[in-house]
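**Q** return atomic coordinates for the entry below.
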Amino acid sequence: VSAVSIPVMGRIAAGVPIDAIQHQTHSISVPPDMIMDGEHYALEVKGDSMIEAGIFDGDTVIIRNANTASPGEIIVALVDEEEATLKRFRRKGASIALEAANPAYETRIFGPDRVKVQGKLVGLIRRY
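**A** Modelled structure (predicted):
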C-alpha cells in the first residue's frame, strides 16, 4: 500500500483552546507506516504552545483515537466537553495537568472529570 487516506477533522489549538473538534473537512494521504493499529484522524495545528516539541502553527498532526494516556504523551484533550487542545499529558496527584511545550504558556491543571483524552499524537506532516 503506497498511502492511506485519513480524515482531517478541522483544527486543534496549540495555544488558546478552540472549540471542540469539528466535523471532517477533507482527507489526506499518509504513509502507511505512520498508522498503527486503531482509527486515526488528522488535525491542523493552530498556535505555538507546542513549539519546543517540534509542533508548529500550520502543521498537520496525525492522531490515533484513544481514551487513555500515559504521562508525557502528547494528546488531544477535550476540556469541559467544549474545548479541544493539543498538550502533553501529566498527572498531579488526582488531577490532570495539560502541559505546553513553550514557556510562554502556563500548565493548566484540571480535576480528572473535566478532561477527556480524545487521542494520542503519532505523527506530524509539515509543508514548506
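
**Q** going forward, measure contacts and count neighbours with C-alpha atoms only.
**A** Fine.

**Q** for the chain, give me the ranges with low pLDDT.
**A** Residue ranges of the chain with pLDDT under 70: 1, 15-22.

**Q** that one: strands as residue ranges?
**A** Counting by DSSP state E, the chain has these strands, from start to end: 4-13, 18-19, 26-30, 40-46, 60-65, 74-79, 83-92, 95-99, 108-110, 115-125.

**Q** is it true that Ala101 touches Gly72?
**A** No: taking contacts as CA atoms under 8 Å, Ala101 lies outside contact range of Gly72: 11.2 Å.

**Q** now render the strands of the chain as TSV, adding mean neighbour count and distance to Gly54.
**A** Putting the strands of the chain into TSV (neighbours: other CA atoms under 10 Å; distance: least, CA to CA, whole Å) gives the following:
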stretch	mean neighbour count	distance to Gly54
strand 4-13	20	15
strand 18-19	16	20
strand 26-30	14	19
strand 40-46	23	12
strand 60-65	22	11
strand 74-79	25	12
strand 83-92	22	12
strand 95-99	20	14
strand 108-110	14	20
strand 115-125	19	9
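
**Q** those into a markdown table, with extra columns for distance to Ala53?
**A** A markdown table is the format used below for the strands of the chain (distance: least, CA to CA, whole Å):
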| stretch | distance to Ala53 |
| --- | --- |
| strand 4-13 | 14 |
| strand 18-19 | 20 |
| strand 26-30 | 21 |
| strand 40-46 | 13 |
| strand 60-65 | 12 |
| strand 74-79 | 9 |
| strand 83-92 | 9 |
| strand 95-99 | 11 |
| strand 108-110 | 17 |
| strand 115-125 | 11 |
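
**Q** hey, C-alpha coordinates of stretch 92-100 in CSV?
**A** Once side chains and other backbone atoms are set aside, the C-alpha atoms of stretch 92-100 remain, and they are given as CSV (Å, rounded to 0.1, in the frame of the first residue of the first chain):
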residue,chain,number,x,y,z
LYS,A,92,-0.6,15.8,39.5
GLY,A,93,-2.0,13.8,42.4
ALA,A,94,-5.6,13.1,41.5
SER,A,95,-5.6,16.0,39.0
ILE,A,96,-4.6,16.1,35.3
ALA,A,97,-2.1,18.7,34.1
LEU,A,98,-2.0,19.8,30.5
GLU,A,99,1.5,21.0,29.8
ALA,A,100,2.5,23.3,26.9
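
**Q** this completes my enquiry, with thanks.
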